[in-house]
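Asker: Any chance you can model this:
(2 chains)
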2 protein chains.
Amino acid sequence: MYQDKKAEIISVGTEILLGQIVDTNSAYLARQLALLGINLFRKTVVGDNAERIKEAAKEALKRSDILILTGGLGPTQDDLTKEAVSELLGKKLLLNEKIAEQIQNKIFHHHRRISKEAVFKQAMIPSSARVIPNRVGTAPGIIFEENEKTIILLPGVPQELKVMVEEEVVPYFSAKIPQKEVIKSRVLKVWGIGESEVERTINSIIDEQFNPTVALLAKREGTCIRITAKFTPNRVNEEIKRVENKIREKLGNYIYGVDEQTMESVVGSLLKRKGLTLSLAESCSGGLLSHRVTNVPGSSDYYFGGVVSYSNEVKCSLLGVPEKLIREKGAVSEGVAKQMAKGARKVGKAHLGIGITGIAGPGGGTSDKPVGLVYIALSSKKEEVCEKFMFSGGREMIKWRASQSALNMLRKYLTNNG
Amino acid sequence: MYQDKKAEIISVGTEILLGQIVDTNSAYLARQLALLGINLFRKTVVGDNAERIKEAAKEALKRSDILILTGGLGPTQDDLTKEAVSELLGKKLLLNEKIAEQIQNKIFHHHRRISKEAVFKQAMIPSSARVIPNRVGTAPGIIFEENEKTIILLPGVPQELKVMVEEEVVPYFSAKIPQKEVIKSRVLKVWGIGESEVERTINSIIDEQFNPTVALLAKREGTCIRITAKFTPNRVNEEIKRVENKIREKLGNYIYGVDEQTMESVVGSLLKRKGLTLSLAESCSGGLLSHRVTNVPGSSDYYFGGVVSYSNEVKCSLLGVPEKLIREKGAVSEGVAKQMAKGARKVGKAHLGIGITGIAGPGGGTSDKPVGLVYIALSSKKEEVCEKFMFSGGREMIKWRASQSALNMLRKYLTNNG
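Answerer: Coordinates of the predicted model:
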C-alpha cells in the first residue's frame, strides 16, 4: 500500500534557489525514502515567498501522496513555510504554550538572545497537526494527515532535520509500511586501476544484473562500485553479498574498502591489528598524508610523526638524505624517495617509513621530470621499495593522488607481509 | 523586457533525484542567471523517465518564459531529455551529418569506443532548433525558441555544461538584454570573533540596507558577510564598495579576505611581499596546517618544511623540546608550544616558526586539559608569543580551527610587524 504511494520534496529557501548554498537536505531525504522503499518522484526548490510555496505545494499534492517541505520554519520574517502550507490546507495557527516554554528554556540555556515574538512565531502550531519535537534547535517540525495525503514540514538546518528524520519521521513511516521490499546499497571502493579498466573487468556482471544493479562512479577516492538491491528485508543483504562476491573474485585486492571506509581508516586498522608503527616524510604532498593519517581517531597509537621536507636542506638535515644524492639524481628521484622513507623510519623510531617526492605543479616541471611525476618509497627493517607514478590533475589533485597511492602501498604491504 | 521574464531549471537524472550525486549544475546556472539579471522562480529535479520529464517541462512552460533542462543528452538508453522535449514541442528529430562526423572524430581522437548507434543518437537534432556545440564532450546542447518561450537543453556533465554556458548561453541572453540592472555579490570573510558577535557589531548596517543587502553565513572558514547589489553595471561596484567600507570600519582586521581568497593564500601573499620564510611544528593539527600552506601554488618560495611531532619523542629529538618541560608541564602547554615554534624556526632556518599542540579528541582529554584545548605559538628572531584556544567540534573540526587560528596569528603578525 504505502510503498505504491508517490512522494515529493520541496526545498524552501532563496539561498538554495540562487545556488548560494547547496541543498544537502533533499539528497539526504531521498536516500531515507529509498531505504523505506517509498518512491520519490520529484524534487522542487522555491524561494522564501509564501505564494510560490503555496503554489508548489498545491501542485505537488495533486500529483503525489506524500509531500515533505524543508526550510522556512525559523523565527524570521522570511520563514513562511508553516504559514503558507497551513493556509493552503485551511488550518488555523494556534499558540502552543508548552512548546513556547520549551523554546524559551532552550534559548535561556544556550545564552542566545531572541525576541518574544520570534519565540511565539515558532510555537504557533496548525490545528489538528502533529508536532515533531526539535531536540537540536528550536523550531518544531509538523506532520499533517489530510485526505489520504501526508504533509511533513521540517527545518532547513541539516543537523536539526537529520535528528527529526531519524527519531520521528522514519519510525512514522515504518509503522505504516508492512515488511515489503526495501532498497539497500553497498559501495566497493577501488584504487590502483582506472575506471575504464574496472568497467572492462566487471562488464559481464554489470550487464547481467537487474536486481541488484551495479553502477560505477569515478570519484577522487577511487572508482566506486555501487550495488543496489530491492528485496524484502530478510533477503536484501544476502543478494548484495552474492554480487559483491562475484565482483571481488574479479577485482581482488584492488578493492580497498566499503561504504564509509577510507583508505586511511583501513590502513589504520591494519597497523593496529599487526602492532606496527609508522613515520612519514613528505615533500610534494606537503603534509596531506600526515593530515589524513591523523584524521583517524586513535592514530597516535601507531603514528609517531613525520617531516614535511619541502626544501632540500630539510631533506638533508632532518632525514639524513645525502646532499650528493640530491645533486646527482635530483630531489625528485627514486634514490631520494628511498632515503626519505628510511630517514622517516629512523627519526620516528617506527617499524615503517614512507617517503614521497614529486612535482605537484603548476610550476617546477621539466620535460624530463614533468608535473605529476611522483616517487613513493616504503621502508621497513628489511628493505626500501619504491614506485614511480605519473598523476594527472591540478596541484591539489596530484597531492591527493600521491597521498592515496602512498596509503595504498602501505595497505598492500600490510596485507601481504608481517 | 527580458529581465521581467521568469526562468526555471529542470535537472534530469535519477542519481540526482535519489541523492546519490549532488546537483551542482543548477546552483551554477542559478548564479549565472542572477548575474544576467534574469529571475529564477523554481528548480525541479526529475528522474530519467520520459513521461515525467515531459510533464515537468509542460508545467514549467505554463508558468515561466525561460526553461533550462540539464542532463539526459548522452548516448545511453537512459538519456531521454531531447526526445521528451522534442515530443512535447511537436518537433521531429533529424540526423545532422556534420555533427555525427564531429562526434566520430572526437571519439577517434580520444581513443574511446562507442557504438555507431550512440553516435547517431547524439547527432539527432530537433527541427528548427539551434545547436550549441560541445567543445569538451560529445552531446551538443539545444536552444528552442517557441511562442515567446526559450527552452535550452544542456548536458549533465558539469565541465561540458560550464563551457557551453560561458561561450554560448550567456552571450545568447546578453544579446537580448539591454544594459539594465545586474546582480553582483562580494563576500567578506571574518575570523577571530563568533557569528553572533559579528551580527551584533554590524546589525545597524544589516538593518538599514535593502540594496545592497547584507547577509551573514557561518561557515567552517569563518563568518561570511555577503553583500549583494542590484544596479546598472556602471554603478554596481561602487555601491558594493560603499557598504564594504562601512563594514570594514566596524570589523577592521577581523576581516581576513574576500571572495575566493583563503587564509592560506592571504598569508602566502604577505610572506612573499615581506620576503619572510616559514617553518611549522604541528602536533594535534597533524599536518593539516602544512597541507594548507602547500596548497598555494609557489609556496615553496617561503615555506621550507616542518615537523609533525605526534609523539613526545619526536618533539624532543627533532624540535629540541626539553624532556623535562614535557614532564613538568605536559605536552599540551604554553611552554611546549613555544619550544616547538622555536624548534621549527631553527631546524627550517626560517624567519618565522609556528608550534601547535593540543587535544583533538575524541580521546585524551582530562578535566584539566579537555578535548579542544590548543596552544599555538609564533616564534620570530625577537621572541615567542603564545595564544590559548578552546575549540568546539569533532576531531576534524578542531584540527581545522587550530590550523585556521594559526594562520590568522601569522596574518596578524605580518600585518602589524616588519
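
Asker: My guess is residue A:317 contacts residue B:307. True?
Answerer: No. Taking contacts as Cβ atoms under 8 Å, residue A:317 lies outside contact range of residue B:307: 11.2 Å. C-beta coordinates here come from the backbone N, C-alpha and C atoms, glycine included.

Asker: Between the two, which has more neighbouring residues?
Answerer: residue B:307 (32 against 18; other Cβ atoms under 10 Å in any protein chain shown).

Asker: Please work out the angle formed by the directions of whichever strand or helix holds that one and strand A:303-309.
Answerer: Here residue B:307, judged by DSSP states H and E, is contained in strand B:303-309. Here strand B:303-309 runs at an angle of 170 degrees relative to strand A:303-309 (axes from the mean of the first three to the mean of the last three Cα atoms, to 10 degrees).

Asker: Neighbouring strands - and their directions - for strand B:303-309?
Answerer: Next to strand B:303-309 in the sheet, as set by DSSP bridges, lie strand A:303-309 (antiparallel), strand B:278-282 (parallel).

Asker: Can you add distance to residue A:376 and give the ones you listed back as a markdown table?
Answerer: Listed next are these as a markdown table, based on distance: least, Cβ to Cβ, whole Å:
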| stretch | distance to residue A:376 |
| --- | --- |
| strand A:303-309 | 14 |
| strand B:278-282 | 22 |
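
Asker: Ok, which of those comes nearest residue A:19?
Answerer: If you check each of these against residue A:19 by Cβ to Cβ, strand B:278-282 wins as the nearest, at 35.7 Å.

Asker: right, and the helix or strand after the closest one?
Answerer: helix B:288-294.

Asker: picking that back up, can you add mean pLDDT and distance to residue B:140 and give the strands paired with strand B:303-309 back as JSON lines?
Answerer: Putting the strands paired with strand B:303-309 into JSON lines (pLDDT from 0 to 100; distance: least, Cβ to Cβ, whole Å) gives the following:
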{"stretch": "strand A:303-309", "mean pLDDT": "94", "distance to residue B:140": "47"}
{"stretch": "strand B:278-282", "mean pLDDT": "97", "distance to residue B:140": "50"}
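
Asker: Residue B:370: which of the ones you listed is closest?
Answerer: strand B:278-282 (20.0 Å).

Asker: So which elements touch the helix or strand harbouring residue A:27?
Answerer: In this assignment (DSSP H and E), residue A:27 forms part of helix A:24-36. Counting contacts by 3 or more Cβ pairs under 8 Å, 6 or more residues apart in numbering or on different chains; DSSP states H and E, helix A:24-36 is packed against strand A:6-12, strand A:39-46, strand A:66-70, helix A:158-164, helix A:170-176, strand A:182-190.

Asker: wait, residue A:384 sits on residue A:378?
Answerer: Yes. Counting by Cβ under 8 Å, residue A:384 sits close enough to residue A:378 to count as a contact (7.1 Å).

Asker: Looking at these two, which is more packed in?
Answerer: residue A:378 (23 against 19).

Asker: Pretty sure residue A:408 sits against residue A:262.
Answerer: No. Here residue A:408 lies out of contact with residue A:262, judged by Cβ under 8 Å, at a distance of 11.7 Å.

Asker: ok, back up a step: any idea of the angle the helix holding residue A:27 forms with strand B:39-46?
Answerer: 20 degrees.

Asker: Quick one: work out the angle between helix A:24-36 and strand A:66-70.
Answerer: 150 degrees.

Asker: Any stretches of the stretch 151-300 of chain A with poor pLDDT?
Answerer: Along the stretch 151-300 of chain A, the model assigns pLDDT under 70 to residues A:179.

Asker: interface residues of it facing chain B?
Answerer: The stretch 151-300 of chain A comes close to chain B at residues A:217, A:226, A:280, A:282, A:285-291, A:293-295, A:297-300, as judged by Cβ under 8 Å from any Cβ of the partner chain.

Asker: coming back round to it: who touches both of residue A:384 and residue A:378?
Answerer: Between them, residue A:384 and residue A:378 share these contacting residues under Cβ atoms under 8 Å, 6 or more residues apart in numbering or on different chains: residue A:341.

Asker: Buried residues of stretch A:252-268, list them for me.
Answerer: A:254-257, A:262-268 (16 or more other Cβ atoms under 10 Å in any protein chain shown).

Asker: for stretch A:174-194, that is, sorry about that
Answerer: A:182-192.

Asker: what does stretch A:29-47 give?
Answerer: Buried residues in stretch A:29-47 (16+ other Cβ under 10 Å): A:29-34, A:36-47.

Asker: show me what contacts the residue positioned nearest the centre of chain A?
Answerer: What sits nearest the mean C-alpha location of chain A, by Cα atoms, centre = their mean, is residue A:260, with 7.4 Å. Residues counted as contacts of residue A:260 (Cβ under 8 Å, 6+ apart): none.

Asker: which SS class is it?
Answerer: coil (DSSP: H, G, I helix; E, B strand; the rest coil).

Asker: Need the contact partners of the helix or strand harbouring residue A:59.
Answerer: Taking DSSP H and E as the criterion, residue A:59 maps to helix A:50-63. The contact list for helix A:50-63 (Cβ under 8 Å, 6+ apart) reads A:6, A:8, A:10, A:12, A:41-42, A:44, A:46, A:67, A:69, A:72, A:80-81, A:83-85, A:87-88, A:149, A:151, B:41-42, B:59.

Asker: separation between residue A:310 and residue B:80?
Answerer: Relative to residue B:80, residue A:310 is positioned 51 Å away (Cβ to Cβ, to the nearest Å).

Asker: Looking at these two, which one has more neighbours?
Answerer: For the pair residue A:310 and residue B:80, the greater number of neighbours falls to residue A:310 (27 against 22), based on other Cβ under 10 Å.
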